[in-house]
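*Asks:* starting from these lines, generate the structure:
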Amino acid sequence: MKGRILIAGALGLMVVGLFRVADARSAAPLLLINESHSLPRGLYRRTSGAAFSPGAVVAVIPPASAGPRLLALGYPPGQRLLKRIAAAPGAEVCARETGLVAVDGLVLDIPPLQDASRVWTGCRRLGPDQWLVLGETARSFDSRSFGPVSTAALEGPYRLVRSW
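*Replies:* Prediction:
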């Protein structure tokens, strides 16, 4: 019985340790837990060797201007946000007052935001180092609110390993 408890304890420490592991190539966490409304809740694992591209799930280091809103939403300072890349550098993105978002003329199938925290409307072409990142729900806090993000603000990509 004592041996089983010792083994279970050691396994538990290894699992807890995984949440703090970052490989030598990147400071990005290997595993992230998403409890927000932006994407399915669950455990996400960073994939190696994959490039950023539309459709990929990434961890976003939000711009400093998003700090007060994140604090109001209950997120601690420096909290990474899991989002899906909706548009890559060079794409034309449009945000309408109705909440619709279009990329290169195609309207995305995402619900409009519940609140009016959007900081931009209209159309713009993303610069060479700008990405549009979006959540999948009306409660998401994403590029519709804080604008495009730079490559340096992205980590990953990540894939869902286990949902709840």
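
*Asks:* can you pull out the helices in this protein?
*Replies:* Along the chain, counting by DSSP state H, helices occupy 2-18, 67-72, 143-146.

*Asks:* mean pLDDT for the ones you listed: which is lowest?
*Replies:* Least confident of those, judged by mean pLDDT, is helix 2-18 with a mean of 41.

*Asks:* now P63: closest residue in space, sequence neighbours ignored.
*Replies:* Leaving aside its chain neighbours, P63 sits nearest to F146 (5.5 Å; criterion: Cβ to Cβ, 6 or more residues apart in numbering). Bear in mind the C-beta positions are built from the backbone N, C-alpha and C, glycine included.

*Asks:* find the residue at the geometric middle of this structure.
*Replies:* Centroid check for the chain by Cα atoms, centre = their mean gives L82 as the closest residue, at 2.0 Å.

*Asks:* tell me who's in contact with that one.
*Replies:* By Cβ atoms under 8 Å, 6 or more residues apart in numbering, L82 lies in contact with 32, 34, 36, 38-39, 44, 57-60, 158.

*Asks:* repeat that for 6 Å
*Replies:* By Cβ atoms under 6 Å, 6 or more residues apart in numbering, the residues touching L82 are 34, 39, 59.

*Asks:* what do you get for P157?
*Replies:* Contact analysis of P157 by Cβ under 6 Å, 6+ apart lists 47, 50, 56-58.

*Asks:* adding neighbour count, distance to L154 and pLDDT, write those residues out as TSV.
*Replies:* Converted to TSV, the contacts of P157 look like this (neighbours: other Cβ atoms under 10 Å; distance: Cβ to Cβ, whole Å; pLDDT from 0 to 100):
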residue	neighbour count	distance to L154	pLDDT
T47	12	13	94
A50	12	12	87
A56	20	9	97
V57	22	11	98
V58	24	5	98
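
*Asks:* quick one: residues in contact with stretch 32-44.
*Replies:* With contact meaning Cβ under 6 Å, 6+ apart, stretch 32-44 is reached by 59, 82, 135-137, 139-140, 158, 160-164.
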